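Asker: Structure for this input, please:
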Amino acid sequence: MSSLMTIGDFSRAVRLSAKALRFYHQNGILAPALVDEHSGYRLYAAEQIPDAQVIRSLRALRLPVPTIREILAAPDITARAALLSTHLGRLEQELAETQAAAEQLRGLLSPPDPEIAVTFRTVPAMAVLSLSEVIELGDLEQWFREATAQLQSIAARAPGSAGSQLGGVWPNELIADGRGRATVFLTNADDIADDLVGGGLTRETLPPVEVAVAVHRGSDDRVPRAYAALGTYVARHQLATDAPAREIYLEGLPGTDPTTTTEIQWPVFRVTH
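Answerer: Numbers count the residues shown, from 1 in each chain. Here you go, the predicted model:
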């Protein structure tokens, strides 16, 4: 082994502070070559410089200390690559969450939306082909993509579905309690042949309902603003009911397309015109 280096000299050589070197020693990823039993001074060998440089590089990539310890102990390149790949996935997820938060903050700082027009309508009973499941709110995005894809596949194979529309039924408890029955549907179900119905799909008739209606155009992350404006209007001018809200997807699909046009139907008990 070459001559030993003091922690100060080793620190200058590897561009790591003495505090960082003591931290890495305490966490078992870069132990000194020798610790003086009388003074407690840490001494390092020149052969440890490459390990210290690797640790510095990995920390710059925001790898946590336990992962660095696993990488240094990995038996081969494949194992190292797998650990790095897992960390990359975490970074990408954090990046996506940060970008979503930035978009929300940008929305808060941007000029407010113009007043959303609210209209009223009595929606007649509708024969639909639906797919329903009790889900957790956190699973909604993935479930919605898979369920609407299944309905789109049916529509593509049904000759009489040219005028059909996709929609959703969203009960209050799904949002308020974080768990509830989510439903997506395809209109004009009477025109869809029985041999295309399967895989959990159900023919049903949605009941007639009086609704206040607002149309959202734009990115999916701004839909809550439309709901807030519609809910405020209903609270001031009409009697809301406990019936679930409905959405009709006029253009694009939330969570799939960058911009969409969604008709939001808020059930009410009308007392004025």
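Asker: Could I get the average pLDDT for the helix or strand that contains Ala127?
Answerer: Here Ala127 sits within strand 126-136, counting by DSSP states H and E. The average pLDDT for strand 126-136 rounds to 92.
Asker: Wait, Glu103 touches Asp220, no?
Answerer: No. Between Glu103 and Asp220 there is no contact under CB atoms under 8 Å: 10.3 Å. For the C-beta atoms, the positions are set from N, CA and C on the backbone; glycine is no exception.
Asker: who has more neighbours, those two?
Answerer: Taking other CB atoms under 10 Å, Glu103 and Asp220 do not tie; Asp220 has more neighbours (18 against 13).
Asker: how about the residue nearest to the more buried one when sequence neighbours are not counted, what does it touch?
Answerer: In space, Asp220 comes closest to Pro254 once its chain neighbours are excluded; the distance is 4.3 Å by CB to CB, 6 or more residues apart in numbering. Shown in contact with Pro254 (CB atoms under 8 Å, 6 or more residues apart in numbering): 144, 220, 223, 260, 262.
Asker: can you redo the residues you listed as TSV with secondary structure and distance to Thr78?
Answerer: Shown next, in TSV, are those (DSSP: H, G, I helix; E, B strand; the rest coil; distance: CB to CB, whole Å):
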residue	secondary structure	distance to Thr78
Phe144	helix	37
Asp220	helix	39
Val223	helix	44
Thr260	strand	43
Thr262	strand	46
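Asker: how about TSV for those residues, with distance to Gly28 and pLDDT added?
Answerer: Formatted as TSV, these follow (distance: CB to CB, whole Å; pLDDT from 0 to 100):
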residue	distance to Gly28	pLDDT
Phe144	45	94
Asp220	46	83
Val223	49	86
Thr260	51	91
Thr262	54	94
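Asker: how close does the residue nearest to Asp220 get to Gln265?
Answerer: Distance, Pro254 to Gln265, using CB to CB, to the nearest Å: 15 Å.
Asker: could you say what helices and strands the longest helix seen in the chain packs with?
Answerer: Secondary structure of the chain per DSSP state H: the longest helix is helix 77-109. Using 3 or more CB pairs under 8 Å, 6 or more residues apart in numbering; DSSP states H and E, the elements in contact with helix 77-109 are helix 65-73.
Asker: what's the helix it packs on in contact with?
Answerer: Here helix 65-73 has contacts from 24, 27-29, 51, 54-55, 58-59, 63, 80, 83-84, 86-87, using CB under 8 Å, 6+ apart.
Asker: Just the CA trace of that helix, in CSV.
Answerer: Extracted C-alpha coordinates of helix 65-73, given in CSV (Å, rounded to 0.1, in the frame of the first residue of the first chain):
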residue,chain,number,x,y,z
VAL,A,65,-26.3,6.6,0.1
PRO,A,66,-27.9,3.1,0.5
THR,A,67,-28.0,2.8,-3.3
ILE,A,68,-24.4,3.8,-3.7
ARG,A,69,-23.5,1.2,-1.1
GLU,A,70,-25.4,-1.4,-3.2
ILE,A,71,-23.6,-0.3,-6.4
LEU,A,72,-20.2,-0.5,-4.8
ALA,A,73,-21.0,-4.0,-3.5
